[in-house]
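[1] mind looking at a prediction? Sequence and model below.
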Amino acid sequence: MVGKLMRVSLILVIMAMFACVRVECAPWNYSLWLRANPQAIVADGRSETTVSAEVRDSSGRAAPDGTVVDFTTSLGTVQRTERTTAGVARVRLHSDTTVGTALVSAVVATGNVVAQLKVDFLEPGTEMFDESFMSVSSKNYLGYDVGSRTVDAAGGVKIYHRGLYITAEEAQIDLSRNTIR
């Protein structure tokens, strides 16, 4: 009888210890920053942008790997859930064919934090913004003329801009006029 009483007492002590541990595991208070690269994409149903959610604790340290971030968008489609690696969760926002502004929201439920970001869905043919970037690669020749602000490429040319991929044998990009030939 004494042995059973000791086992029951030990079990109750262990249960009480685990109950205390759970109380200490209250949600963290995180901060959350959202960025989109690029910030604007073409409303063609094919273009996409990468949305990054940076999650940090109250001391400024990256949230633990595997922290769940939930995403929603008012326009287009986005992956619903992603986990952090080194404090960052990344998802792809795919454009819709509707021109407008997508309001992307991210929530870290365990960190009591929400953030929002606007991404513009532009009319096809809209002029590029100054802060946008373009990636150009070529197997054979890639040159830049400073005077005319022109990029020339020949042989297996690949161009990426705002979620749009172009492959060609030759291309000429006029950076002054924001045109590709």
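    Cool, the structure landed. No experiment lies behind these values; they were computed from the predicted model shown.
[2] may I have the phi/psi pair for residue 111?
    Main-chain torsions, residue 111, degrees, to the nearest 10: phi -110, psi 10.
[3] now it, nearest residue through space, not along the chain?
    Leaving aside its chain neighbours, residue 111 sits nearest to residue 30 (3.0 Å; criterion: CB to CB, 6 or more residues apart in numbering). Any C-beta I mention is one placed from the backbone N, CA and C, and that applies to glycine too.
[4] if I pick that neighbour, what's in contact with it?
    The contact partners of residue 30, by CB atoms under 8 Å, 6 or more residues apart in numbering, come to 55, 56, 57, 58, 63, 67, 108, 110, 111, 112, 113.
[5] equivalent analysis for residue 105, please.
    71, 72, 73, 114, 115, 116.
[6] does it have beta-bridge partners, and which?
    Beta-bridge partners of residue 105, counted by DSSP bridges, are residue 72, residue 116.
[7] try residue 158
    residue 137, residue 167.
[8] does residue 110 count as helix, strand or coil?
    On the three-state scheme (DSSP: H, G, I helix; E, B strand; the rest coil), residue 110 is labelled helix.
[9] related to what we said a few turns ago, and which of the contacts of residue 105 is nearest to residue 136?
    Using CB to CB, residue 73 is the member of the contacts of residue 105 that sits closest to residue 136, with 29.5 Å.
[10] in this structure the closest one contacts residue 102, no?
    Yes: Residue 73 is within contact range of residue 102, at 5.1 Å (criterion: CB atoms under 8 Å).
[11] of the two, who's got more company?
    residue 102 (24 against 20; other CB atoms under 10 Å).
[12] surely the more buried one touches residue 119?
    Yes: under the criterion of CB under 8 Å, residue 102 makes contact with residue 119 at 4.6 Å.
[13] intersection of neighbour lists for the two?
    Residues touching both residue 102 and residue 119 (CB under 8 Å, 6+ apart) are 76, 93.
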